[in-house]
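> no sequence on this one, just coordinates:
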């Protein structure tokens, strides 16, 4: 089983339906799909800055932005099966579906070490992959990706969030970061288990 995270920045991208179609065609029974919050999460950041609200409320609002993005993805491709509980991912995959995860269980009444902007949907996807003992994590970004950069360098380049690298060092699974125009790279991964250039094991 793999976890694939599609960045919310692709919500307005004409390539988004192609990515979702690819996952629906080749990901059945093996993919748990995580959505970023996109412009909805950006609005949360702006509101927090405007009103100086606490990180706990911003975290919950950002999680709900991921939930809303999942509804968008499902509307664009109903073959992606919405699941609101982590426990439902496995059964959905066993039935041959793609599990489109809505992280409602991440809503918090009290802050914890992950309820801050150091941990965005990238780290949330990685944490999910670790909890599910996933074989691989694939992150799809709207920006160009230099294949020569490792995880730490991608964090410094603001491609991945600041909380990602420590989690990646503990994860022990391959992590691939693809740009919006590298759909063929994901296709190769799903069909053959490798692509021309990958990050491999994080370090």
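All right, it came through fine. Note that this is a predicted model, so its numbers are computed, not measured.
> For the protein, just list every one of the helices.
Secondary structure of the chain (DSSP state H): helices located at 16-26, 38-51, 55-76, 89-94, 121-131, 151-156, 164-171, 183-192.
> Looking at these, spot the one closest to residue 111.
Among the helices of the chain, the nearest to residue 111 by Cβ to Cβ is helix 55-76 (4.6 Å). All C-beta atoms are positioned from the backbone trio N, CA, C, and that covers glycine.
> Just want the angle from the closest one to helix 16-26.
70 degrees (axes from the mean of the first three to the mean of the last three Cα atoms, to 10 degrees).
> residues in contact with helix 55-76?
6, 8, 11, 16-17, 20, 33-38, 40-41, 43-45, 47-48, 80-82, 100-104, 106-108, 110-111, 114-117, 120-121, 124 (Cβ atoms under 8 Å, 6 or more residues apart in numbering).
> List only buried entries from those residues.
Among the contacts of helix 55-76, those that count as buried by neighbour count (16 or more other Cβ atoms under 10 Å) are 6, 8, 11, 16, 20, 33-38, 40-41, 44, 48, 80-82, 100-103, 106, 114-117, 120-121, 124.
> pLDDT below threshold where in this protein?
195-203 (pLDDT under 70).
> Show which residue of it lies farthest from the average position.
residue 51 (27.9 Å; Cα atoms, centre = their mean).
> How about the contacts made by that one?
Contacts for residue 51 (Cβ under 8 Å, 6+ apart) come out as none.
> Neighbours of residue 52, how many?
6 (other Cβ atoms under 10 Å).
> Can you check the distance spanned by stretch 97-112, start to finish?
32 Å (Cα to Cα, to the nearest Å).
> quick one: contacts of that stretch?
For stretch 97-112, contacts defined as Cβ under 8 Å, 6+ apart pick out 23-24, 27-29, 31-35, 54-56, 59-60, 63-64, 66-67, 70-71, 73-74, 79-86, 88-89, 92-93, 115, 124, 128.
> and if you look at stretch 150-166?
For stretch 150-166, contacts defined as Cβ under 8 Å, 6+ apart pick out 114, 117-120, 122-123, 126, 139, 141, 143, 145-146, 149, 168-169, 175, 177, 199, 202-203.
> Repeat the analysis, applying 10 Å as the threshold.
Here stretch 150-166 makes contact (Cβ atoms under 10 Å, 6 or more residues apart in numbering) with 7, 113-114, 116-127, 139, 141, 143-146, 149, 167-169, 171, 175, 177, 179, 199-203.
> how about it: buried residues?
By 16+ other Cβ under 10 Å, the buried positions in stretch 150-166 come out as 151-152, 154-155, 159-165.
> same question, stretch 85-99
For stretch 85-99, burial by neighbour count (16+ other Cβ under 10 Å) applies to 86, 89, 92-93, 97-99.
> thought residue 39 was touching residue 142?
No - the pair residue 39 / residue 142 is not scored as a contact, 11.6 Å apart, by Cβ atoms under 10 Å.
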